[in-house]
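*Asks:* predicted model, plus sequence, below.
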Amino acid sequence: MEENQASSSDADASDGNGPGGGSSSHDAPFVASRGAGAAVAGPADKQQRYGAIKKLAAAADGSMWLSYKKGLLEKYSEGGKLVWSSCSTAASMTQTFNLAGITALAAVGSNIWVGDQSGTFWVLSAGTCEVFRSCKAHVFPVKSIAAAGHVVYTLGKSGSIRAWPAGQPSSAVTTTWQQQVAGCLRERKLQVLAGTWNVNETKPSRAGLQMWLGDRAKAADMVVLGLQEVEMGTGSVALDVVYHNLAKVRLEAGTQAAQAWAAAVSDVLTSKGDFKRVGLRQMSGVLVLVYARSALEPYIGEVATASVACGVMGYGGNKGAVAISFSLFRRRVVVVSSHFAAHQDKVDARNADYTKIVRHLHFHNVPTDKPQQQQQYEASDTIVPDSEGSSYPQKQQQQLGRAAGIQAFISKQQRKCIESGVDSLNGGSPKRGSRATAATDNSVAAASASSGSNGLDEDWGAGMRDAELLVWVGDFNYRIDSPTGFIPDRSDLEKWPLNAQLYQYVHKLISARQLEHLLAGDQCCKEMARGVIFHALAEGPINFLPTYKFEKGRESNSMQPFYDQGEKKMIPAWTDRILFRGSDA
């Protein structure tokens with residue numbers, strides 16, 4: 001575990017006269033120390049700050065350990081005298097550790113095991129009170145701890161049970177343990193097909209879906225899809241608000257348009273295998289669908305859905321995210337479909353949509369963050385609408401990159417394009433329809449190797465942060481603004497606007513299939529490289545043509561892409577993306 005240093009002036013008082021006294025802040029680090037030379041506080045003050053006593057454990061040395069609802073841990077002698085407190089101001093400090101509310105307590109040999117709300121367990125020496133071990137054991141809170149010989153079992157609130165060696169094992173013990181549990185474990189590798197498509201209010205076409213999903217679905221164990229602009233208009237936004245407040249179950253059934261798309265997708269998938277739908281969630285025009293093969297059905301549970309609106313005035317469902325959360329082999333999976341703010345220059349608004357979603361996406365079966373932290377999130381999300389109807393927080397999102405160690409996982413190809421633009425790519429084939437992209441993740445384990453869960457920003461809420469597999473797809477609307485070699489002519493901008501010049505230059509690069517030069521100007525890659533968005537998420541190589549914006553009603557392919565030729569001169573871009581983070585398990 002990571003040690004933090006604290007001065008004695010930072011610690012709070014503990015009571016030397018028995019249970020019921022002491023004071024500290026629940027959110028501050030708790031300083032483990034020996035001795036009871038601190039100032040005395042009354043029982044009423046202790047109960048007000050820490051709540052009631054919730055757990056009791058008797059150690060082998062005869063001492064008694066108490067834990068309080070809000071995280072305080074204390075040790076008492078057989079005579080009832082306070083020997084040690086996690087908030088003591090005694091001078092002999094030995095260790096600093098953080099507790100997120102104690103939920104389990106057990107004496108194991110000469111040690112005390114403590115489980116907390118975050119799913120972490122801590123091991124302290126009952127004699128010295130020093131913390132010498134800690135581990136993130138569960139995604140959900142630790143509900144119970146039990147010992148049997150040299151093994152300690154922890155029970156998570158979700159029902160998962162994990163076993164741990166009671167002491168620090170030697171290499172020989174570790175080898176024996178691995179051999180014993182090998183027969184109980186089986187590695188499962190799953191193929192996950194992920195896709196996103198802004199359908200631009202079109203009706204589903206079996207031929208189009210067959211071309212998009214058909215062959216790819218044959219090898220897939222799971223299919224996760226995000227659709228945008230399934231329906232549009234103020235009526236759709238207003239109806240979503242009504243459903244969200246009065247009939248949320250309707251959001252998991254979908255409107256007529258969403259049901260039509262879900263039925264069409266199911267029809268194509270079931271023709272390729274025994275797929276069953278895991279879940280659906282709609283928010284106005286944004287839709288997410290998850291399918292899995294029937295063989296996985298016994299291992300899937302705890303399905304929940306959620307949404308975050310970022311559209312009209314910051315609350316409309318025309319922009320934002322919908323998500324499905326479920327457990328698979330006791331691992332939590334989250335699939336998110338998003339639609340971010342539009343327009344070429346609205347990078348800050350798109351970044352703000354990202355931040356609001358990662359902070360506020362919450363599922364009913366996932367523990368919430370600390371109230372103080374949630375209040376901080378809400379205070380920083382002051383909505384500022386712009387002239388185009390978009391909205392974004394006053395607090396600019398560049399601050400999100402401040403946390404040390406944040407790593408945006410961009411493919412080597414994309415990073416090289418941003419830095420030098422010298423690597424050449426082969427052109428791919430845009431999918432049939434308005435615009436669509438698809439990618440296949442080889443397995444849950446493969447996602448782990450490429451991304452992992454380290455580097456998550458501290459401002460992520462529990463909804464997405466604690467997912468062991470996260471797949472985030474959507475029309476994120478990031479555009480191309482400064483491709484390699486673009487030198488605008490500013491001599492007569494009234495006659496030859498910058499947007500028109502960029503439009504012509506991008507089309508020139510597309511015709512020459514110089515995708516590496518286009519990627520150098522990709523807003524999404526640049527914001528990821530700055531550490532502002534999609535922290536710790538990976539993206540596969542972009543070796544296909546820009547997916548925005550094709551002419552409606554015309555079939556495009558890699559040889560002949562029909563991009564929009566309207567008066568607005570919409571600049572082609574990779575607005576549709578697929579990102580993911582795998583499991584370390």
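*Replies:* Received it, and whenever you're ready, just let me know what you need. Residues are numbered from 1 along each chain as shown.

*Asks:* OK, contacts around residue 274?
*Replies:* Contacts for residue 274 (C-beta atoms under 8 Å, 6 or more residues apart in numbering) come out as 293, 294, 295. For the C-beta atoms, the positions are set from N, CA and C on the backbone; glycine is no exception.

*Asks:* need these in JSON lines (columns: neighbour count).
*Replies:* Output for the contacts of residue 274, formatted as JSON lines (neighbours: other C-beta atoms under 10 Å):
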{"residue": "293", "neighbour count": "18"}
{"residue": "294", "neighbour count": "10"}
{"residue": "295", "neighbour count": "10"}
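
*Asks:* mind checking which of these land in strands?
*Replies:* Of those, the ones assigned to strands by DSSP state E are residue 293.

*Asks:* distance of residue 268 relative to residue 559?
*Replies:* Note on residue 268: its distance to residue 559, by C-beta to C-beta, to the nearest Å, is 25 Å.

*Asks:* comparing the two, which shows the higher neighbour count?
*Replies:* residue 268 (21 against 7; other C-beta atoms under 10 Å).

*Asks:* not counting its neighbours along the chain, what's nearest the more buried one?
*Replies:* Distances taken as C-beta to C-beta, 6 or more residues apart in numbering put residue 209 closest to residue 268, at 4.6 Å, once the chain neighbours are dropped.

*Asks:* repeat for residue 481
*Replies:* Spatial nearest neighbour of residue 481, excluding adjacent residues (C-beta to C-beta, 6+ apart): residue 521 at 5.5 Å.

*Asks:* and for residue 174?
*Replies:* The shortest distance from residue 174 to any non-neighbouring residue, by C-beta to C-beta, 6+ apart, is to residue 165 (7.9 Å).

*Asks:* dihedrals phi and psi, the one you found?
*Replies:* Backbone torsions for residue 165, taken as degrees, to the nearest 10, come to phi -70, psi 140.

*Asks:* that one: how many residues sit nearby?
*Replies:* Close neighbours of residue 165, defined as other C-beta under 10 Å, add up to 13.

*Asks:* could you dump stretch 272-291 to CSV, C-alpha only?
*Replies:* Only the C-alpha atoms of stretch 272-291 are listed here, as CSV (Å, rounded to 0.1, in the frame of the first residue of the first chain):
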residue,chain,number,x,y,z
LYS,A,272,-26.0,-16.1,-36.9
GLY,A,273,-26.2,-17.8,-33.5
ASP,A,274,-28.3,-18.3,-30.4
PHE,A,275,-28.0,-14.7,-29.2
LYS,A,276,-30.3,-13.3,-26.5
ARG,A,277,-30.7,-9.7,-25.4
VAL,A,278,-29.1,-8.8,-22.1
GLY,A,279,-30.5,-5.2,-21.9
LEU,A,280,-31.7,-2.1,-23.7
ARG,A,281,-31.7,1.6,-22.6
GLN,A,282,-32.9,4.6,-24.5
MET,A,283,-32.7,8.3,-23.9
SER,A,284,-34.4,10.2,-26.6
GLY,A,285,-32.3,9.4,-29.7
VAL,A,286,-29.5,7.6,-27.9
LEU,A,287,-29.8,3.8,-27.6
VAL,A,288,-27.6,1.0,-26.2
LEU,A,289,-28.1,-2.7,-26.8
VAL,A,290,-26.3,-5.7,-25.4
TYR,A,291,-26.6,-9.3,-26.6
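
*Asks:* off-centre distance for it?
*Replies:* On the basis of C-alpha atoms, centre = their mean, to the nearest Å, stretch 272-291 is displaced by 19 Å from the centre of the chain it belongs to.

*Asks:* pull out the buried positions in that stretch.
*Replies:* Buried residues in stretch 272-291, counting neighbours by 16 or more other C-beta atoms under 10 Å, are found at 272-273, 275, 277-291.

*Asks:* ok so residue 231 is a strand residue?
*Replies:* No. Counting by DSSP: H, G, I helix; E, B strand; the rest coil, residue 231 falls outside a strand, being coil.

*Asks:* ok, the spatially most central residue of the chain - contacts?
*Replies:* Geometric centre of the chain, nearest residue: residue 464, 2.8 Å, by C-alpha atoms, centre = their mean. By C-beta under 8 Å, 6+ apart, the contact set of residue 464 is 323, 334, 336, 357, 358, 361, 470.

*Asks:* so what's the first one up against?
*Replies:* What that stands for is residue 323. So residue 323 contacts 281, 288, 305-307, 334-337, 361, 363, 463-464 (C-beta under 8 Å, 6+ apart).

*Asks:* likewise residue 223?
*Replies:* Taking C-beta under 8 Å, 6+ apart, we find residue 223 in contact with 192, 193, 194, 195, 213, 217, 269, 275, 289, 290, 291, 292.

*Asks:* between those residues, which sits nearest residue 574?
*Replies:* Using C-beta to C-beta, residue 195 comes nearest to residue 574 of the contacts of residue 223, at 14.5 Å.

*Asks:* what's the neighbour count on the residue nearest to residue 501 when sequence neighbours are not counted?
*Replies:* Nearest residue to residue 501, sequence neighbours excluded (C-beta to C-beta, 6+ apart): residue 488, at 5.2 Å. Number of residues near residue 488 (other C-beta under 10 Å) recorded here: 14.

*Asks:* residue 488 against residue 500, yeah?
*Replies:* No. Using C-beta atoms under 8 Å, residue 488 makes no contact with residue 500, being 10.0 Å away.

*Asks:* that older thread, using TSV, please lay out the contacts of residue 223 together with secondary structure.
*Replies:* Compiled in TSV, the contacts of residue 223 are given as follows (three-state DSSP):
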residue	secondary structure
192	strand
193	strand
194	strand
195	strand
213	helix
217	helix
269	helix
275	strand
289	strand
290	strand
291	strand
292	strand
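
*Asks:* possible to save the residues you listed as JSON lines with distance to residue 344?
*Replies:* Output for those, formatted as JSON lines (distance: C-beta to C-beta, whole Å):
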{"residue": "192", "distance to residue 344": "32"}
{"residue": "193", "distance to residue 344": "31"}
{"residue": "194", "distance to residue 344": "27"}
{"residue": "195", "distance to residue 344": "25"}
{"residue": "213", "distance to residue 344": "31"}
{"residue": "217", "distance to residue 344": "35"}
{"residue": "269", "distance to residue 344": "36"}
{"residue": "275", "distance to residue 344": "39"}
{"residue": "289", "distance to residue 344": "30"}
{"residue": "290", "distance to residue 344": "32"}
{"residue": "291", "distance to residue 344": "35"}
{"residue": "292", "distance to residue 344": "38"}
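
*Asks:* from residue 136, how far out is residue 187?
*Replies:* As judged by C-beta to C-beta, residue 187 and residue 136 stand 21 Å apart.
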